[in-house]
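>>> Fold the following and give me the result.
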Amino acid sequence: MTLDRIKMFFQPSYLFSPYPNPDMMFLIPLLTFFGGMIVLSLVSLYISRKKKKKKNPISIVFAYIYNWFFWMGILGLSLLFFRYEGINFLSMRFLLLLTLIGFFAWGLYVFVFYKKEYKKMLKNIELDKAKNKYFVKRRK
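Residues are numbered from 1 along each chain as shown. Below is the predicted model of the structure:
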């Protein structure tokens, strides 16, 4: 990739063109990327449902991962479909770039949630277990 191609990518006339060429060089890699996100979202949904039965707080993290991958995958695949079909304004390169930026921003949010809130949930569960061992359990 030459420097001229990189400079062309950041020109507004290139990014905001309402009639981009449907012959994409990165169509197959982007299809596999967004399709893989859908598959990973279904895997995380399965793990989330499996862990939810055990009332494990990791199920909340996997639910966030499911939402992140599923909606970004659906949005990316739909934008690629619009680009392939040549639908005006919905096939702009800027929308695909905005989707990829949103993917990384949402991923950062999930990571911050895991680092902060998930750790707090684990501490609260351990405190509740420590407190509950001193309470008398009723017989049924």
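
>>> and the gap between the closest residue to residue 93 other than its chain neighbours and residue 51?
Among residues not flanking residue 93 along the chain, residue 15 sits closest, at 5.2 Å (CB to CB, 6 or more residues apart in numbering). Glycine gets a C-beta too; all of them are placed from N, C-alpha and C. Residue 15 is 41 Å from residue 51, where distance means CB to CB, to the nearest Å.

>>> before we move on, back to that, surely the residue nearest to residue 93 and residue 98 touch.
No. In this structure, residue 15 is not within contact of residue 98 by CB atoms under 8 Å, at 9.8 Å.

>>> Between these two, tell me which one has more neighbours.
When neighbours are counted by other CB atoms under 10 Å, residue 15 and residue 98 differ, and residue 15 comes out ahead with 17 against 14.

>>> What residues does the more buried one make contact with?
Residue 15 makes contact with 9, 92-94, 97 under the criterion CB atoms under 8 Å, 6 or more residues apart in numbering.

>>> change it to 10 Å
By CB atoms under 10 Å, 6 or more residues apart in numbering, the residues touching residue 15 are 8-9, 92-98.

>>> Repeat that for residue 12.
Neighbours of residue 12 in contact, by CB under 10 Å, 6+ apart: residue 94.

>>> Can you check what pLDDT the model gives it?
The model reports residue 12 with a pLDDT of 83.

>>> what do you get for residue 109?
Residue 109 is given a pLDDT of 93.

>>> Repeat that for residue 61.
87.

>>> Give the buried residues for the helix or strand hosting it.
Assigned by DSSP states H and E, residue 61 belongs to helix 58-85. Neighbour-count burial for helix 58-85 flags 58-70, 72-73, 75-77, 79-80, 82-83 (criterion: 16 or more other CB atoms under 10 Å).

>>> picking that back up, next one, pLDDT for the residue nearest to residue 93 please.
For residue 15, the predicted pLDDT is 79.

>>> residues in contact with the residue positioned nearest the centre of the chain?
In the chain, the centroid-proximal residue (CA atoms, centre = their mean) is residue 68; its distance is 2.8 Å. Going by CB under 10 Å, 6+ apart, residue 68 touches 37, 40-41, 44, 102-103, 106-107, 109-110.
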